[in-house]
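Q: Any chance you can model this:
(one chain, ligands or ions: 1)
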Amino acid sequence: MIWFDPDCPDAIFLDKRRVEGKRIWKSSAKSGTSVRHLDVRPDVVGDFTAMPFEECSFDLVVFDPPHLRHVGENAWIAQKYGSLPEKGWEPIVRDGFWECVRVVKWGGTVVFKWSEVQIRVGLVWKALGARPLFGTRVGKNAGTIWACFLKGAGDLVR
Ligand SMILES: C[S@@+](CC[C@H](N)C(=O)[O-])C[C@H]1O[C@@H](n2cnc3c(N)ncnc32)[C@H](O)[C@@H]1O
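A: Residues are numbered from 1 along each chain as shown. Modelled structure (predicted):
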């Protein structure tokens, strides 16, 4: 969803699921119910908390984890973006983030995307044990936050 070129040959997309042309029903009070097609076509199917990559493999890593935890698993939004457990989301997001730090090269960048719809981003920085160098400070409108970390600077020196 965030890629201008989803087939970019220089990028590797990892997700834990592969979905091809699944029909999902989007319902909203404003526009009623409509059918959408969902495609998730990762290059690598894997778990972001235990990535199948060597350390220091990439110049740039983008971490775009699920950000919802109060949502039914059949809701269209959960099917599209995935979801976190109601309780215990912190170690999942933290472990995924530190896996991104592990696989990015020293001097490389980890870009973190979050949406503050249900979980305030301050709680996320607390769960990570690290704060970005810079980024969006609060999620206005759609609640989206973009933040940049540099391996070897700020909190990412360990
Ligand atoms: C917000 S979406 C990412 C969208 C993606 N950046 C794009 O541009 O299409 C979050 C994704 O994380 C995946 N996910 C959730 N838990 C995961 C895990 N432990 N390992 C790998 N992927 C996971 C979900 O399947 C979901 O597709």
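Q: Confidence-wise, which helix or strand of this structure is lowest on average?
A: Lowest by mean pLDDT, DSSP states H and E among the helices and strands of the chain is strand 19-28, with a mean of 80.
Q: Convert the C-alpha atoms of that strand to CSV, please.
A: Written as CSV, here are the backbone C-alpha positions of strand 19-28 (Å, rounded to 0.1, in the frame of the first residue of the first chain):
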residue,chain,number,x,y,z
VAL,A,19,-3.1,-13.4,-0.1
GLU,A,20,-4.2,-13.3,-3.7
GLY,A,21,-7.3,-11.5,-4.8
LYS,A,22,-9.3,-12.2,-1.7
ARG,A,23,-12.7,-10.5,-1.6
ILE,A,24,-13.3,-8.4,1.5
TRP,A,25,-16.3,-6.3,2.4
LYS,A,26,-15.7,-2.8,3.5
SER,A,27,-18.5,-1.3,5.6
SER,A,28,-18.7,2.2,6.7
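Q: I'd like to know which residues of the protein are adjacent to the ligand.
A: Proximity of the chain to the ligand, by Cβ under 6 Å from any ligand atom, involves residues 1-3, 15-17, 40, 47-49, 64-66, 81-82. To be clear about C-beta, it is placed using only N, CA and C from the backbone, and glycine gets the same treatment.
Q: Whichever helix or strand comes after the least confident helix or strand of the chain to strand 19-28, inter-axis angle?
A: On the C-terminal side of strand 19-28, the closest following helix or strand by DSSP states H and E is strand 32-40. Angle, strand 32-40 to strand 19-28, by axes from the mean of the first three to the mean of the last three Cα atoms, to 10 degrees: 160 degrees.
Q: about what we covered before: which strands border the least confident helix or strand of the chain, and is each parallel or antiparallel?
A: Counting by DSSP bridges, the strands paired with strand 19-28 are strand 32-40 (antiparallel).
Q: wait, isn't Thr109 in contact with Cys148?
A: Yes: with contact defined as Cβ atoms under 8 Å, Thr109 counts as touching Cys148 (5.9 Å).
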